[in-house]
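>>> can't give you the sequence, but here's the structure:
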C-alpha cells in the first residue's frame with residue numbers, strides 16, 4: 001500500500017471516531033456557586049440597601065450617628081441596626097431630639113428588662129419606657145394555634161383595609177412590652193410582641209426584637225422585604241452599622257496587621273538581644289586565698305575613703321604617744337619641745353624627723369606624696385620606740 005493511501009485511511013478512521021464521539025455528547029448547564037461576594041460578606045445588610053435603592057430610595061450607609069443630625073428629620077428614616085452598648089446618654093438624647101423633630105427611628109432592642117434594678121441598661125428602651133423579656137417554652141405552649149395557619153410561630157402584622165396579614169419570621173424567644181401604653185401599632189407572634197410603633201414628638205419610633213429578617217440571607221423570605229418597604233416608604237434611608245469610631249489601635253489592627261506584627265517581633269528581638277549577657281560569668285573569688293595582708297589593705301582603704309587622712313595620721317600619733325608613756329610615765333605633762341627631745345633620745349632619730357612626725361595635723365587635704373612622707377616619718381618613729 002502506498003504511503004498516501006495509508007494516510008488517507010488513518011484520516012478517515014479519525015474522522016469517524018470524532019463523529020461518533022460528537023453524537024454522544026450532550027450539552028448541559030451547570031451553575032457554580034462561589035458563595036457571597038466580598039462586599040456581601042462585609043455588609044450583612046447589602047441586600048436590603050440594594051432593595052431600597054431599586055425602589056428609588058435615597059439610601060446612605062454610615063458608620064456613625066454624626067451625619068444624621070445634619071439632615072432634615074421630616075424626610076429621613078434612620079435604621080439603627082448596630083450594637084449600641086457604647087452609646088452615651090447625651091447621644092441617646094440627641095437621637096431622640098432628632099426624632100421628635102419629625103424623624104423616623106427604627107432600632108433593635110438589645111437588653112432584657114431587669115426587675116431587680118428596674119432598668120434594662122439599654123438607654124433607648126429605658127427612656128422610651130419599653131421593656132424586653134425572654135419568652136419561655138411554657139408561655140408559647142399556652143397560646144393555641146389556629147388550623148388555618150401553616151406556621152403558627154410566624155409574626156403577623158395586620159393593616160387596615162387588608163384582608164390577610166403580613167408574615168415575618170422574628171425570633172419568638174423575645175417579647176416587647178409597652179410599659180407606657182404609648183404604642184399605636186404592633187406585630188405579634190403567638191405569645192410575644194416583636195414590633196412596637198409609637199409617636200415621639202412629631203416623629204415616629206419603631207422598636208424591633210431583632211433585625212436578622214433584613215440580613216442578606218433572610219430578606220427574601222416571607223414578607224420581610226415588604227416590611228422594610230412599608231416602614232421606610234416615601235423617605236430617604238440612612239443605615240447605621242456602628243455608633244462609635246474605631247480607636248487608633250483598632251484602625252491599625254484593621255489596616256496594618258502585618259506592620260504591627262513586624263514591629264512587635266522587632267521589639268521582642270531587640271529586648272532579647274540587649275538582655276543577653278556578653279562574655280562568660282565571672283565566678284566569685286575563693287575565700288581561702290585571702291590573706292591577712294589583703295584584709296589589712298582593704299581595711300586601710302576603707303578608713304582612708306570614709307575617715308580621711310586626718311583620722312589615720314592622728315591614730316598613728318596617738319600610738320606613738322602611747323609607746324612613749326610606757327617608756328616615760330610623765331610624757332604627757334612635758335612641754336612639746338621636751339617631748340620631742342625625749343622621743344629623739346629614745347628613738348635615736350634626727351630631731352627634724354621627730355619634729356616632722358609630731359607636728360600638728362593640718363585640716364587641708366595633703367597631696368599623695370606629702371601624706372606618704374608623713375606616714376613614713378610616723379611609722380619610723382613608732383618602730384624605733
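Perfect, thanks for sending it. None of the values given here were measured: they were computed from a predicted structure.
>>> pull the longest helix from the chain.
Taking DSSP state H as the criterion, the chain has its longest helix at helix 3-24.
>>> and the helix or strand that comes right after that helix, what other elements does it pack with?
Scanning forward in sequence from helix 3-24, with DSSP states H and E defining helices and strands, the next element found is helix 38-42. For helix 38-42, the contact count by 3 or more Cβ pairs under 8 Å, 6 or more residues apart in numbering; DSSP states H and E identifies helix 46-54 as packing neighbours. Bear in mind the C-beta positions are built from the backbone N, C-alpha and C, glycine included.
>>> buried ones in the helix it packs on?
Along helix 46-54, these residues count as buried under the neighbour rule (16 or more other Cβ atoms under 10 Å): 46-49, 51-52.
>>> Quick one: these as CSV, columns for pLDDT too.
CSV is the format used below for these (pLDDT from 0 to 100):
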residue, pLDDT
46, 80
47, 81
48, 79
49, 82
51, 83
52, 82
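>>> domain assignment for the protein?
According to the domain assignment given by automatic domain parsing, the chain is divided into the following structural domains: 40-141+151-247, 301-384.
>>> With respect to burial, which of those domains scores highest?
Using mean count of other Cβ atoms under 10 Å, the stretch among those with the largest mean neighbour count is domain 40-141+151-247, at a mean of 17.
>>> what's the least confident stretch among the domains of the chain?
The stretch with the lowest mean pLDDT among the domains of the chain is domain 301-384, which comes in at a mean of 73.
>>> Could you tell me the end-to-end distance of that domain?
By Cα to Cα, to the nearest Å, the extent of domain 301-384 from end to end equals 25 Å.
>>> And for stretch 34-53?
Counting by Cα to Cα, the length from the leading to the trailing residue of stretch 34-53 is 25 Å.
>>> Tell me which residues are up against that stretch.
Contact partners of stretch 34-53, identified using Cβ atoms under 8 Å, 6 or more residues apart in numbering, comprise 59, 61, 79, 81, 214-216, 219-220, 225, 228-229, 232, 237, 239, 241.
>>> try it again with 7 Å
59, 61, 81, 214-216, 219, 225, 228, 232, 237, 239 (Cβ atoms under 7 Å, 6 or more residues apart in numbering).
>>> Would you mind putting those residues into CSV with secondary structure and distance to residue 18 alongside?
Written out in CSV, the entries for the contacts of stretch 34-53 read as follows (DSSP: H, G, I helix; E, B strand; the rest coil; distance: Cβ to Cβ, whole Å):
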residue, secondary structure, distance to residue 18
59, strand, 56
61, strand, 56
81, coil, 60
214, helix, 55
215, coil, 52
216, coil, 47
219, coil, 50
225, helix, 52
228, helix, 57
232, helix, 61
237, strand, 60
239, strand, 58
